[in-house]
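Chemist: Need coordinates for the below:
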Amino acid sequence: MTTLLTGVVPATGAFVALLRLRFLLGAAEAATYPVAARAVANWFPLSERTFANAVVIAGSTVGMIFNGPVVAALMEARGWRVTFFVTSVLGFLIAVLWWHYATNQPMQLPRIKDAELGAIYAGKPKAETAHYNASAWRALRRNRNLGLISVSYFLDSFVLFISVFWFYLYLTDERGFGVLKGGVYNSLPYMFAMVMLPLAGKLCDSLAVRTNRSRARRGFAIGALLLAAIFLFLGANVTAPLPAILCLSLAVGFLMSTEGPFWSTTAEAAWPYAGTAGGVMNTPGNLAGVVSTALAPVLVRKIGWGGMFAVCTAMLVAAGLLWLLVQVEQPTADAVVTAKKLAAENL
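Modeler: Now for the predicted structure:
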């Protein structure tokens, strides 16, 4: 709705109207990924959650790839207002489909089969599949793992938002690409991420089946963050433009490959409050976007692009090292009883 209203903003008072609408849009979209994390926790078995969360994030990279060319073509042909009308129709269509087909729990879907339910709930603690009306804050504010993951996600997102908002400017100002070539190469990192995200999620789940689930996700997150740091450092220091772009694209690909471990581990660390925990983790992630957008031009002016990428490299290393402290294991029977008592106290 806010997207549709943006297209009819009057010329008089446009700045204030746009500011209000963008605020409402951000508030409405804030629930997207936490709700997706809750849906994944409800609908997927433990052995497939990393892949499922990775596919969710991969969908956003597809949007990033096609958004620029499609919106630019619409603007040139029909004007900027039409772009908001068209994209709002897509949003309404998705909302209708979700409302018509989706249910909160798998057992609420009439056409689901018993074998499918058995596969979904295999290995899940009973407390996780229960429905709670209780507030989750009391349980989450003492969750050490969630705190560590949230700090790591802030550092991870800081670097990601730098690539989202400043990569194009880096290509044109620092690497000397023209507007057209800069636009083409700007989409390359998201093409890498679109392919690498689901592959990384599948690989992580496969490793989790063969080893310990928590250890596999932790090791995968650390490895991906360190590889992202290495390729970011190489991309910033390679002289030839095309190899530099390739390295930077791989850095973004590895960086976004951590999304599956981040979201699946958060859901498991804070069961049965997967949705709320996702919102808690995503808050510092969005805060990183605000901070990085404001701080990036200051860093470039003070220490140059190379210095800013060096800072980002250090942040990725720190984000990976924090995962060494994350210990999320399968809940014990005593932990299930404790969770039930806590929920009963908050009812």
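
Chemist: Domain boundaries for the protein, per the record?
Modeler: The chain breaks down into these domains under automatic domain parsing: 1-22+79-104, 143-328.

Chemist: show me where pLDDT drops low in the stretch 1-150 of the chain?
Modeler: 1-15, 22, 26-31, 64, 67-69, 72, 80, 118-137 (pLDDT under 70).

Chemist: As JSON lines, the domains of the chain with distance to Leu117 and mean neighbour count would be great.
Modeler: C-beta coordinates here come from the backbone N, C-alpha and C atoms, glycine included. Formatted as JSON lines, these follow (distance: least, CB to CB, whole Å; neighbours: other CB atoms under 10 Å):
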{"stretch": "domain 1-22+79-104", "distance to Leu117": "12", "mean neighbour count": "13"}
{"stretch": "domain 143-328", "distance to Leu117": "18", "mean neighbour count": "20"}
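
Chemist: Tell me which of those domains lies nearest to Trp43.
Modeler: Smallest distance to Trp43 across these (CB to CB): 9.2 Å, for domain 1-22+79-104.

Chemist: returning to that earlier point: indicate which one of the domains of the chain is closest to Arg38.
Modeler: Among the domains of the chain, domain 143-328 sits nearest to Arg38 (CB to CB), with 3.3 Å.

Chemist: residue ranges with poor pLDDT in the stretch 151-300 of the chain?
Modeler: Across the stretch 151-300 of the chain, the ranges flagged by pLDDT under 70 are 168, 176-184.

Chemist: Go again with 80.
Modeler: 164-187, 209, 211-212, 241, 270-276 (pLDDT under 80).

Chemist: before we move on, the earlier item: could you dump the domains of the chain to JSON lines with distance to Asp114?
Modeler: Shown next, in JSON lines, are the domains of the chain (distance: least, CB to CB, whole Å):
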{"stretch": "domain 1-22+79-104", "distance to Asp114": "16"}
{"stretch": "domain 143-328", "distance to Asp114": "23"}
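
Chemist: Which strand or helix spans Leu199?
Modeler: helix 188-210 (DSSP states H and E).

Chemist: Which residues does that helix contact?
Modeler: Residues outside helix 188-210 that contact it (CB atoms under 8 Å, 6 or more residues apart in numbering): 47-55, 57-58, 61-62, 64-65, 163, 167, 216-217, 219-220, 224, 245, 248-254, 256-257, 259-261.

Chemist: So for Ala73, which of the domains of the chain sits nearest?
Modeler: domain 1-22+79-104 (9.3 Å).

Chemist: Hey, what's the angle from the helix or strand following the helix holding Leu199 to helix 188-210? Just curious.
Modeler: Scanning forward in sequence from helix 188-210 by DSSP H and E, the next helix or strand is helix 213-237. For helix 213-237 against helix 188-210, the angle by axes from the mean of the first three to the mean of the last three CA atoms, to 10 degrees is 150 degrees.
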